[in-house]
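S.K.: Sequence first, predicted model second:
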Amino acid sequence: MLKQAALSHLGITMMPQEICREEIESGLLVPVLTQWSLTAANLYIIYPSRRGLVPAVRAFIDFVATDLIANCSNHEEMR
């Protein structure tokens, strides 16, 4: 929603570059305040127990972990 608002010229927003990389590269969005950044954050996935874990939940956890690692390494390259 924030990216669409920025693309619609409704103002500026704060988003990770991973979310809008293509729009920045194509010139649709322009980074501002590039010297300023948020501090790092932690993400936790909480579930009741490993025993009886539904395969779909396990697949989701694996997907999120893999996707975040890929995006974090891409983010470091953009700096």
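M.R.: Structure's in. What do you need?

S.K.: Mind splitting the protein into its structural domains?
M.R.: The chain is divided into the following domains under automatic domain parsing: 1-36, 39-79.

S.K.: want to throw the ones you listed into TSV with mean neighbour count and mean pLDDT?
M.R.: All C-beta spots, glycine's among them, are computed from the backbone N, C-alpha and C. Below are those laid out as TSV (neighbours: other CB atoms under 10 Å; pLDDT from 0 to 100):
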stretch	mean neighbour count	mean pLDDT
domain 1-36	11	91
domain 39-79	9	75
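
S.K.: residue ranges of the helices in the chain, please?
M.R.: In the chain, the helices defined using DSSP state H lie at 2-7, 17-26, 55-78.

S.K.: now for those helices, which one comes closest to Y44?
M.R.: Closest approach to Y44 among the helices of the chain (CB to CB): helix 55-78, 10.7 Å.

S.K.: about what we covered before: among the helices of the chain, which is nearest I45?
M.R.: helix 55-78 (5.6 Å).

S.K.: gap between N42 and I69?
M.R.: In this view, N42 and I69 are 14 Å apart by CB to CB, to the nearest Å.

S.K.: on that earlier part again, can you put the helices of the chain in CSV and add distance to I46?
M.R.: CSV is the format used below for the helices of the chain (distance: least, CB to CB, whole Å):
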stretch, distance to I46
helix 2-7, 26
helix 17-26, 23
helix 55-78, 11
